[in-house]
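Participant: Here is a sequence with its predicted model. Questions after.
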2 protein chains.
Amino acid sequence: MNETEISTLGEFGLIDHLTENISLRNDSTRHGVGDDCAVLHYGDRETLVTTDLLLEGIHFDLSYVPLKHLGYKAVVVNLSDIYAMNGTPRQITVSLGISKRFTLEHIEQLYAGMRIACEEYGVDIVGGDTSASVTGLIISITCLGDAKRDEIVYRNGARDTDLVCVSGDLGAAYMGLQLLERERVASAGMKDFQPDFAGREYIIERQLKPEARRDVLDELHQLGIKPTAMMDVSDGLSSELLHICRNSKVGCRIYEERIPIDYQTAIMAEELNMNLVTAAMNGGEDYELLFTVPLTDHEKVAQMKTARLIGHITKPELGAYLITRDNAELEIRAQGWNAFDKQ
Amino acid sequence: MNETEISTLGEFGLIDHLTENISLRNDSTRHGVGDDCAVLHYGDRETLVTTDLLLEGIHFDLSYVPLKHLGYKAVVVNLSDIYAMNGTPRQITVSLGISKRFTLEHIEQLYAGMRIACEEYGVDIVGGDTSASVTGLIISITCLGDAKRDEIVYRNGARDTDLVCVSGDLGAAYMGLQLLERERVASAGMKDFQPDFAGREYIIERQLKPEARRDVLDELHQLGIKPTAMMDVSDGLSSELLHICRNSKVGCRIYEERIPIDYQTAIMAEELNMNLVTAAMNGGEDYELLFTVPLTDHEKVAQMKTARLIGHITKPELGAYLITRDNAELEIRAQGWNAFDKQ
């Protein structure tokens, strides 16, 4: 790989280089990169905005995360927030802080991953900011999207007796991270060490290249279901359930036996001697959709291929509980990933 | 001052604390902080989006920048980009990366400065992200605004014979930075050193607490002037003139004697034995508006209190030149502040 120092291009040269030949896919993108602002037009639809800051050493470790995957994931986690409102992502802005140890080729890889995610999900890159950083890589992405006013699903609409559903499976990204971390430690100091991830591809992919669940919205739409509340699972199911309960002023009952877990996740938890349910409830980075639907949609939800029923909403005074396989009631607490403990 | 470790609140506690009692000022803000996304509605107006990343040690030095001023400035530099499109800023999202040396009280000061700027300019804080950082303070702000489609002013509309104008005065923020830097070095190791900035308040304020030039747009509007091209002066007049020339495919002639410079800037340059015109042309961080108007608006522009005529647009083959007081022609080059050289 060539090694071109970024200082040879300068800030404007770098931006020009990264954003050349960017094709615009959305009618709502009137003017993209290259002026003081991007110009968008959403007409009578509502504009959705979300933003995420990803920092090296806190949110990612470049010793096992390829830059291309990192770029892809950095975009996808933002798109996931737009889908979680039942909207369609349309544009992103990308701000990068880049330390001296990164070459132009590194940043090209990162940007390539971002472009692939944008292509995959039909999103336009419309602006950003690029700067030197004293230490490490900083990625700040803001995503804009749209939705019809009456289609937007907030966190505050869950009502007593609603059904609680979650897409895909949980805990896999967390177990993938544990596996990557174990291999990193095991391979420390070994040159060209190639870990063998055979049979663990799924949990590795869930960690390194997650997808946003646009397909879940498609299925909900096809079945004529509009969730009463929805959010994406980024900090762990426990944490997100409590957000919905707090915002909707309700309680919930979730059944351990209903929590979807992939067999690779289960095998890895056993191998590492970790509690599987804890991984699924608190692992985070699943980017699945957690949503509630009226009890009357029970039959429709039962048909869903992308999501399953895991419990129901209760009156607020009943609290938020996990019902275990042996019928014990465990209070759900937010043990989600807290970046401020990690310093 | 109390010292509360941020880890005692956690990420969600910190966000709740910082965003409580946020009042929303704009009709276009349908739903602010507290869900996966903010929800905005611009109707038949265009949405403008801009973003800026500010990094400790690159863009600011906390040894002489108070956190409250930093918060104010971080917002204002984004608003300036919206005004530079002839739009009205409406909403911001704020992402912060915070290292362990910052207490809750520090972040409250930073946020207080942001809130004051939002109040001053009628802008809503609608979302963001807060995270630990391994080193230093990271501030990423995205600003949204709106404009009627036919009111937006891009960088690419300048035409041969147009007049070139700039608001306020130039070079003051740069000279303020030189003064602050000199005092920082002089006071190194001295406890409770209080530098005397008497008579230099203006250049210090231009560096620490710049304003966005909403008033210039108001005056343009009152006089019935619509610029053909416009941008804000963040990297220095030279750099911005070349952006307009490149985007509009034109050249320009700028007259040294017309460049507006405050007397405090001039005195400071002399004291520090620096070239005054270089400071004005290349200093940056002025956040003034640079714009072009048709020649037929000459009389209107001459009446302006907030801006003055500094030159004119030419055919592209004539290049971009500064005409000095002794009638020499100096080619304008971008010597603007390049963060990538500073590592």
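Facilitator: Structure's in. What do you need? Here the structure is a predicted model, which is why all the values come from computation and not from measurement. Numbers count the residues shown, from 1 in each chain, chains lettered A, B, ... in the order given.
Participant: Please name the residues that touch the closest residue in space to residue A:208 that isn't next to it in sequence.
Facilitator: Nearest non-adjacent residue to residue A:208, counting by Cβ to Cβ, 6 or more residues apart in numbering or on different chains: residue A:69, 4.6 Å away. The way it works is simple: take the backbone N, C-alpha and C, and place the C-beta from them, glycine included. Neighbour list for residue A:69: A:113, A:208-209 [criterion: Cβ atoms under 8 Å, 6 or more residues apart in numbering or on different chains].
Participant: could the residues you listed go into CSV alongside neighbour count?
Facilitator: Compiled in CSV, the contacts of residue A:69 are given as follows (neighbours: other Cβ atoms under 10 Å in any protein chain shown):
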residue, neighbour count
A:113, 22
A:208, 20
A:209, 18
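Participant: Kindly indicate which of the residues you listed lies nearest chain B.
Facilitator: residue A:113 (19.1 Å; Cβ to the nearest Cβ).
Participant: quick one, strands of the stretch 151-300 of chain A?
Facilitator: Using DSSP state E, counting those that start in this stretch, the strands of the stretch 151-300 of chain A run over A:163-167, A:229-233, A:251-255, A:288-293.
Participant: thinking again about what came up before, for my notes, confirm the residue nearest to residue A:208 occurs in a helix.
Facilitator: Yes - under DSSP: H, G, I helix; E, B strand; the rest coil, residue A:69 falls within a helix.
Participant: Count the neighbours of residue A:101 for me.
Facilitator: Using other Cβ atoms under 10 Å in any protein chain shown, residue A:101 is surrounded by 11 other residues.
Participant: Check the one 5 residues further on too.
Facilitator: Neighbouring residues of residue A:106 were enumerated by other Cβ under 10 Å; the total is 18.
Participant: Kindly report the same for residue A:7.
Facilitator: Residue A:7 has 18 nearby residues by other Cβ under 10 Å.
Participant: As a check, name the ranges of all helices in chain A.
Facilitator: Counting by DSSP state H, chain A has helices at residues A:10-19, A:67-83, A:104-121, A:172-186, A:201-208, A:214-222, A:237-248, A:263-271, A:276-282, A:298-302.
Participant: Would you format the strands of the stretch 151-300 of chain A as JSON lines with distance to residue A:73, mean neighbour count and mean pLDDT included?
Facilitator: Conversion of the strands of the stretch 151-300 of chain A to JSON lines gives the following (distance: least, Cβ to Cβ, whole Å; neighbours: other Cβ atoms under 10 Å in any protein chain shown; pLDDT from 0 to 100):
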{"stretch": "strand A:163-167", "distance to residue A:73": "18", "mean neighbour count": "24", "mean pLDDT": "98"}
{"stretch": "strand A:229-233", "distance to residue A:73": "14", "mean neighbour count": "26", "mean pLDDT": "97"}
{"stretch": "strand A:251-255", "distance to residue A:73": "27", "mean neighbour count": "20", "mean pLDDT": "98"}
{"stretch": "strand A:288-293", "distance to residue A:73": "15", "mean neighbour count": "27", "mean pLDDT": "98"}
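Participant: winner for burial among the helices of chain A?
Facilitator: helix A:67-83 (a mean of 24; mean count of other Cβ atoms under 10 Å in any protein chain shown).
Participant: how distant is it from the center of its chain?
Facilitator: From the chain centre to the centre of helix A:67-83 is a distance of 7 Å (Cα atoms, centre = their mean, to the nearest Å).
Participant: circling back to that earlier point, can you tell me which of the strands of the stretch 151-300 of chain A comes nearest to residue B:24?
Facilitator: Proximity to residue B:24 (Cβ to Cβ) singles out strand A:229-233 among the strands of the stretch 151-300 of chain A, at 21.4 Å.
Participant: surely residue A:212 meets residue A:287?
Facilitator: Yes - between residue A:212 and residue A:287 there is a contact at 6.1 Å, judged by Cβ atoms under 8 Å.
Participant: Relative to residue A:233, how far out is residue A:292?
Facilitator: Per Cβ to Cβ, to the nearest Å, residue A:292 is found 14 Å from residue A:233.
Participant: Could you do residue A:149 as well?
Facilitator: 26 Å.
Participant: quick one on the thing from earlier: which residues are common contacts for residue A:212 and residue A:287?
Facilitator: A:76-77, A:80, A:232.
Participant: out of those, which touch chain B?
Facilitator: Contacts with chain B within the shared contacts of residue A:212 and residue A:287, as defined by Cβ under 8 Å from any Cβ of the partner chain: residue A:232.
Participant: Of the shared contacts of residue A:212 and residue A:287, which is the nearest to residue B:185?
Facilitator: residue A:77 (42.6 Å).
Participant: so what's the closest residue to the closest one other than its chain neighbours up against?
Facilitator: Distances taken as Cβ to Cβ, 6+ apart put residue A:52 closest to residue A:77, at 5.6 Å, once the chain neighbours are dropped. Contacts for residue A:52 (Cβ under 8 Å, 6+ apart) come out as A:74, A:77-78, A:81, A:140-141, B:95, B:129.
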